[in-house]
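Participant: Output the structure for:
(chains A and B, ligands or ions: 1)
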Amino acid sequence: MKVLIVDDFGSIRKILGQMLRQMGHETIEAIHGKDAMAKLEVHPDIGLIMLDWDMPEMNGIQVLEALKLLRDKMAQRPTVVMVTTNNQMEKIVHAMTKGANEYIMKPFTKEILEEKLALLGITGGSRA
Amino acid sequence: MPCPYDDRFDGDDREMTVIARETLSFFFTFFQRESGLVLDESKTYLIESRLDPLVRAEGLSSIDELRKRIQQETSPVLKKKVIEAMTTNETSFFRDITPFTVLKTTVIPEVVKANQKSRRLRIWSVACSTGQEPYSLAMVVAELAPELQGWDVRILGTDIADKVLDRAQAGVYTQHEVQRGLSVAYLMRFFAQQGDEWAVKPEVKHFVQFRQFNLLTDFSSLGTFDVIFLRNVLIYFDNATKKQILDRMGHALSPGGTLFLGGTETPIGITDQWVRVKLDQGICYKKQRSA
Ligand SMILES: C[S@@+](CC[C@H](N)C(=O)[O-])C[C@H]1O[C@@H](n2cnc3c(N)ncnc32)[C@H](O)[C@@H]1O
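Facilitator: The predicted structure is shown next:
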C-alpha cells in the first residue's frame, strides 16, 4: 500500500518510514499539512495517511477538514491514522469526530503500529 | 572466570552468575512440577535473568542459595515468588483479533440460541495475565448488550501469578498497554483517563471476576463454561502436560461449547478429544462427540 507520512519531525518520518517499509509498504513523506495535500494531489493512489497533529503551515486537524471536502473528488478516501503526542481524551475524541480512522499516541512501538493497522484490516504490503 | 570464548560470556562488566549444575536440575524439576513450565540448559540465561532480581530482593547471595532456601523452607511464600518470577506475562488487548471477531459474530450468537432457557453465558480466560484478555472479552459482551439483555453474563479470569492478578483486578493500564491491539473506538468507549493511565470503565469491569488458579490442579469446582480462552500458556508445557490439561478442559466446557487456543497451539497430535472448527477466518475447537 502507498502510505503518506506527515510529520514536521524528520526523525519521526524516518522511523515510521522504516517500520512501514519493513511491513512491505511504499512510503512518501510530507513535512506538514500543506505539503501533504500537495503530495495527495500527485499520488491519488495513497491508501493510508499517518498524520501528525501539531505542525506548522497546516496542522493535522486542518488536513482532516480538507480531506472531508476532497472526498467527492477522490476515487477512494485514504484511511487516516493520527500519530501525535496529544494524549488527552478530548483531543482523541476531537480528531476522531473530524474523520480520523485510528489514533496512535507517541511514543509508540512497532507492535503498536502493526496491531493498529491490523485493526484497520491493513497487514503487510505486497512486497512483504 | 568464564573464558571469553565460552558462549555464556556476554562481554559486559556484570558479574556472571554461574549456576551450579545441581541447582539448575533442581529448578528444572521444580518448575515442571509446580507450574508445568519446561526448561532446559538452553534456558539458563532466562532462569538467571528472572531469578536474579528475586535473589537480590530477598537479600540472598546467589541462585544456589535461593535453591537451598526453597529446599529448607516450609512456608509456601518464597516458592510462590519463585514460580511467579518465572512466568512470562506478555499479553495485549484483542490479541490476534480473529478469536474475538469470531466470538462476536458466531460463537456468542450460537450460545444465545442454545441457552435461551437459562439465559446464562459463562466465559473463562484461563491464563489471563494482567487482564487484557478477559477485558477484551467483556468489551465484546458489552457491545452485544442488546442481544444479551436480561442475561446473566460472567467472565472468569484466572492465572497462577498473584502479581498479574492484582494488576488485572485494578484494571488500570499504561498508555503503551492501551495502544497494544486496542482500537481507539474501544478506548474512547470503555476507558476513562486517569492522569497518564487508563482505567477500564465499570460497565465492562463488572462482568469480570479474577481468581488465582494453577492449571495443574483440579478445576472441576470452577463449574462449566460456554467459551474457554486457553491461549498462549500451553506453549510452556511438555506434551504430556498439554494432553492432560486439554483432556480435563473438555469437562469444563458446556455441551456445544467452544475452546480457543493461541495462534501457535493445537491439540492435533496431542489428544483426539477435540475437533478443529473453522469459523470465518478463525480457528476454534469443539469437543469430540464420543469423548
Ligand atoms: C503469555 S501469558 C498469556 C496471556 C493471555 N492468555 C494471552 O494470550 O495474551 C501466560 C500466562 O500464563 C500464566 N501461567 C503459567 N503457568 C500457569 C499455570 N500452571 N496455571 C495458570 N496460569 C499459568 C502466566 O502467569 C502468564 O500470565
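Participant: Please identify the residues of chain A in proximity to chain B?
Facilitator: Within chain A, the positions near chain B by CB under 8 Å from any CB of the partner chain are A:87-89, A:92-93, A:96, A:102-105, A:108-109, A:111-112, A:115-116, A:118-119. Just so you know, the C-beta spots here come from the backbone N, C-alpha and C atoms, and that holds for glycine as well.
Participant: Just confirm yes or no for the helix or strand containing B:T158 near the ligand.
Facilitator: Assigned by DSSP states H and E, B:T158 falls within strand B:152-159. Yes. Using CB under 6 Å from any ligand atom, strand B:152-159 reaches the ligand at B:D159.
Participant: Next: stretch B:209-218.
Facilitator: Yes. Taking CB under 6 Å from any ligand atom as the criterion, stretch B:209-218 and the ligand are in contact, through B:F213, B:N214, B:L215, B:L216.
Participant: Pull up the distance across that stretch, start to finish.
Facilitator: Distance across stretch B:209-218, first residue to last, is 19 Å (CA to CA, to the nearest Å).
Participant: With stretch A:97-114 instead?
Facilitator: Start-to-end, stretch A:97-114 (CA to CA) is 23 Å.
Participant: now the strands: where do they sit in the stretch 51-200 of chain B?
Facilitator: Taking DSSP state E, counting those that start in this stretch, the strands of the stretch 51-200 of chain B run over residues B:120-125, B:152-159, B:172-173, B:191-194, B:197-200.
Participant: could I get the ones you listed as a markdown table with mean neighbour count and mean pLDDT?
Facilitator: Output for these, formatted as a markdown table (neighbours: other CB atoms under 10 Å in any protein chain shown; pLDDT from 0 to 100):
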| stretch | mean neighbour count | mean pLDDT |
| --- | --- | --- |
| strand B:120-125 | 24 | 98 |
| strand B:152-159 | 22 | 98 |
| strand B:172-173 | 20 | 98 |
| strand B:191-194 | 15 | 98 |
| strand B:197-200 | 19 | 98 |
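Participant: among these, which is nearest B:D40?
Facilitator: strand B:152-159 (24.2 Å; CB to CB).
Participant: Is B:T158 in contact with B:I123, as I believe?
Facilitator: No. Assessed by CB atoms under 8 Å, B:T158 is found out of contact with B:I123, at 11.7 Å.
Participant: Only the buried residues of the strand or helix carrying B:S25, if you could.
Facilitator: Assigned by DSSP H and E, B:S25 falls within helix B:21-34. By neighbour count on 16 or more other CB atoms under 10 Å in any protein chain shown, the buried set for helix B:21-34 is B:T23, B:L24, B:F26, B:F27, B:F28, B:F30, B:F31, B:Q32, B:E34.
Participant: pull the CA atoms of it into PDB?
Facilitator: As requested, the backbone C-alpha atoms of helix B:21-34 are provided in PDB (Å, rounded to 0.1, in the frame of the first residue of the first chain):
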ATOM      1  CA  ARG B  21      24.500 -27.900  37.800                       C
ATOM      2  CA  GLU B  22      22.700 -29.300  40.800                       C
ATOM      3  CA  THR B  23      20.800 -26.100  41.200                       C
ATOM      4  CA  LEU B  24      19.800 -26.000  37.500                       C
ATOM      5  CA  SER B  25      18.400 -29.500  37.600                       C
ATOM      6  CA  PHE B  26      16.600 -28.700  40.900                       C
ATOM      7  CA  PHE B  27      14.900 -25.800  39.200                       C
ATOM      8  CA  PHE B  28      14.000 -27.800  36.000                       C
ATOM      9  CA  THR B  29      12.200 -30.400  38.200                       C
ATOM     10  CA  PHE B  30      10.800 -27.700  40.500                       C
ATOM     11  CA  PHE B  31       9.100 -25.700  37.700                       C
ATOM     12  CA  GLN B  32       7.900 -28.700  35.800                       C
ATOM     13  CA  ARG B  33       6.200 -30.000  39.000                       C
ATOM     14  CA  GLU B  34       4.900 -26.700  40.400                       C
END
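Participant: quick one: the nearest residue in space to B:T130 that is not next to it in sequence from the ligand, how far?
Facilitator: Excluding the flanking residues, the one nearest B:T130 by CB to CB, 6 or more residues apart in numbering or on different chains is B:R167, at 4.5 Å. According to CB to the nearest ligand atom, to the nearest Å, B:R167 stands 10 Å off from the ligand.
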